[in-house]
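Colleague: Fold the following.
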Amino acid sequence: MSQAKKGDSVKIHYTGTLEDGTVFDSSAGRDPLVFTLGGGQVIVGFDEAVLGMAIGDKKKVTIPAHKAYGKKDDALVIEVPLSQVPPDLNPEVDQKLQMGGANGELVVVTVLAVTDEVVILDANPPLAGKDLTFDLELVAIS
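Modeller: Sure, this is the predicted structure:
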């Protein structure tokens, strides 16, 4: 039976959980995830976990933060004066917002805190700094 190798297009069913068992993403009830192995379309650790699997194989893997979304970067937590927040925006803790990045790209940020003077925003990916566990099932290779 052939094993998944770099350059193959694969279909994977998966469930991703955090250390406490919270499910953060799953293909359950949806089509499987399709991606090219080694194509940079998924986090490095996910790619590495699928490499060598055969159709029908199932496995559980824990991907350390450095092979997932990286460490949390304190430089990506910023304070914005309320005077610079659009007047029609009422930021709330845990709210996701978009703001312009240094190169004109849109960056998704999470509101960490709101005071009378500032809004504290976090531009780190939500899963940065976390080890991720995945239950995987390889359903197709092409």
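
Colleague: The helix or strand containing Leu97 - contacts with which helices or strands?
Modeller: Taking DSSP states H and E as the criterion, Leu97 maps to strand 96-100. Counting contacts by 3 or more CB pairs under 8 Å, 6 or more residues apart in numbering; DSSP states H and E, strand 96-100 is packed against strand 106-114. To be clear about C-beta, it is placed using only N, CA and C from the backbone, and glycine gets the same treatment.

Colleague: Can you list the neighbours in contact with the helix or strand just after the strand it packs on?
Modeller: Moving toward the C-terminus from strand 106-114, the next helix or strand (DSSP H and E) is strand 118-122. Here strand 118-122 makes contact (CB atoms under 8 Å, 6 or more residues apart in numbering) with 76-82, 85, 91, 97, 99, 109-114.

Colleague: Let's see that with 7 Å instead.
Modeller: Contact with strand 118-122 is made by 76-82, 85, 91, 109-113, as judged by CB atoms under 7 Å, 6 or more residues apart in numbering.

Colleague: Report the separation between the residue nearest to the spatial centre of the chain and Glu19.
Modeller: Geometric centre of the chain, nearest residue: Leu127, 5.5 Å, by CA atoms, centre = their mean. Per CB to CB, to the nearest Å, Leu127 is found 12 Å from Glu19.

Colleague: Am I right that the residue nearest to the centre of the chain is in contact with Tyr69?
Modeller: Yes: Leu127 is within contact range of Tyr69, at 4.6 Å (criterion: CB atoms under 7 Å).
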